[in-house]
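Visitor: what follows is a predicted protein model with its sequence.
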Amino acid sequence: MKILLTGATSGLGRNAVDFLQNRNIPLIATGRNRTVGQQLMQQGVDFRTCDLAQADESALTALFDGVTAVWHCAALSSPWGDYADFYQANVVATEQLARVAAEHGVSRFIHISTPSIYFDFQHHHHLCETDCAAKRANHYAETKWIAEQKIQQLAKKYPQTQFVILRPRAIFGAYDKVLLPRLLDLLTERHGVLPLPNDGKVKMDVTYALNVVHAMFLATEQTFSSQDGVPTFNITNQEPIELRTLLDKLFRQQLGLSFRIKSVPYPLIATLAKTLEYFAKFTKKEPKLTAYSAGTLYFDMILNNDKAITELGYRPLYSLEDAIAQTAQWLKNEGIA
């Protein structure tokens, strides 16, 4: 086994690097962040700087030296931006990479997608892999959905390559430079007060990054029975939790931070988000709050895990309690909290 890991400089990607190195599994890692790439090379990783959205076929071909499987974690995942940029990064780059991989005889292609394709500003408690919003909530969700359709088409054209789609929900853990640092910054800015709709009682699934990597490894090893379409799986920690409880466990219990939640009516926060989005069209800067982000703080979103359990054999290696404790320790070690 030799893995081509894309998005290796992201949070999920770096966890995947650690996982593979700890098991002495050969890998080629790619990413856009040259600084992180240098750090990975110092760890002994074969790192190749590559922006998949701009790479031509010859550049991609050079990545497949002895590669038997691809873990495709790279994506443009911002809640805001131009559709053309999302389409290039999430659709064009994915389709080209998957095609080149198949043409080079790669036996497995693990595509990291997103449960964002389900989100439709309504409460959901048992979302299955066959569900999908009638209209995707943002450019990210839309282009990730289109990318899945491209993977389905390529699977028919290249049956010798086993494609697998994973949809991990709300990834957190070590190397997170976005979600948790932003929350900590917000706590500082607002002097320990977090404004949340419905008192933070939204119920949600989250997934520890190393559990996602474990699912990727299983998807690389598992034998799937012949079926229609590409095997697709929801991935979570299988422990739905209220946001307020999650924040209390991480911030108060693990990090010793004092905070309180200020309940804000959802219509008010949704209106604010739409207003910020309107002005962002002129400033060309990402708004601090989007309609999608506001919605995820209010509408319950819980995924059905039956298929991942029975067909993929996936059970989390790390409980939510352990994951929160390990994440808090990483934040302390990094001086972030």
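Guide: The structure has been received and is ready for your questions. Numbering: from 1, shown residues only.

Visitor: what sits against the closest residue in space to Gln43 that isn't next to it in sequence?
Guide: In space, and not counting its chain neighbours, Gln43 is closest to Gln21: 6.8 Å by C-beta to C-beta, 6 or more residues apart in numbering. The C-beta positions use only the backbone N, C-alpha and C, and glycine is treated the same way. For Gln21, the contact set (C-beta atoms under 8 Å, 6 or more residues apart in numbering) comprises 27, 43-45.

Visitor: secondary structure and pLDDT added to the residues you listed, as CSV?
Guide: Shown next, in CSV, are the contacts of Gln21 (DSSP: H, G, I helix; E, B strand; the rest coil; pLDDT from 0 to 100):
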residue, secondary structure, pLDDT
Leu27, strand, 97
Gln43, coil, 93
Gly44, coil, 95
Val45, coil, 95
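
Visitor: just the buried ones from these?
Guide: 27, 45 (16 or more other C-beta atoms under 10 Å).

Visitor: quick revisit: what are the buried residues along the strand or helix carrying the residue nearest to Gln43?
Guide: Here Gln21, judged by DSSP states H and E, is contained in helix 11-22. Neighbour-count burial for helix 11-22, with 16+ other C-beta under 10 Å as criterion, is recorded at 11-20.

Visitor: ok, and what's touching the helix or strand containing Ile28?
Guide: Ile28 belongs to strand 27-31 when assigned by DSSP H and E. Strand 27-31 is contacted by residues 2-10, 13, 17, 20-21, 37, 40, 45-50, 52, 63, 65, 67, 74 when judged by C-beta under 8 Å, 6+ apart.

Visitor: partner strands of that strand, parallel or antiparallel?
Guide: Counting by DSSP bridges, the strands paired with strand 27-31 are strand 3-6 (parallel), strand 46-49 (parallel).

Visitor: what would those strands look like in CSV with mean pLDDT, distance to Leu268 and mean neighbour count?
Guide: As requested, those are exported to CSV (pLDDT from 0 to 100; distance: least, C-beta to C-beta, whole Å; neighbours: other C-beta atoms under 10 Å):
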stretch, mean pLDDT, distance to Leu268, mean neighbour count
strand 3-6, 98, 40, 26
strand 46-49, 95, 44, 17
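
Visitor: of all these, which lies closest to Pro159?
Guide: strand 3-6 (20.3 Å; C-beta to C-beta).

Visitor: which strands and helices sit next to the lowest-mean-pLDDT helix or strand in the chain?
Guide: One helix or strand of the chain scores below all others by mean pLDDT, DSSP states H and E: helix 179-189, with a mean of 84. Counting contacts by 3 or more C-beta pairs under 8 Å, 6 or more residues apart in numbering; DSSP states H and E, helix 179-189 packs against strand 193-197, helix 320-333.
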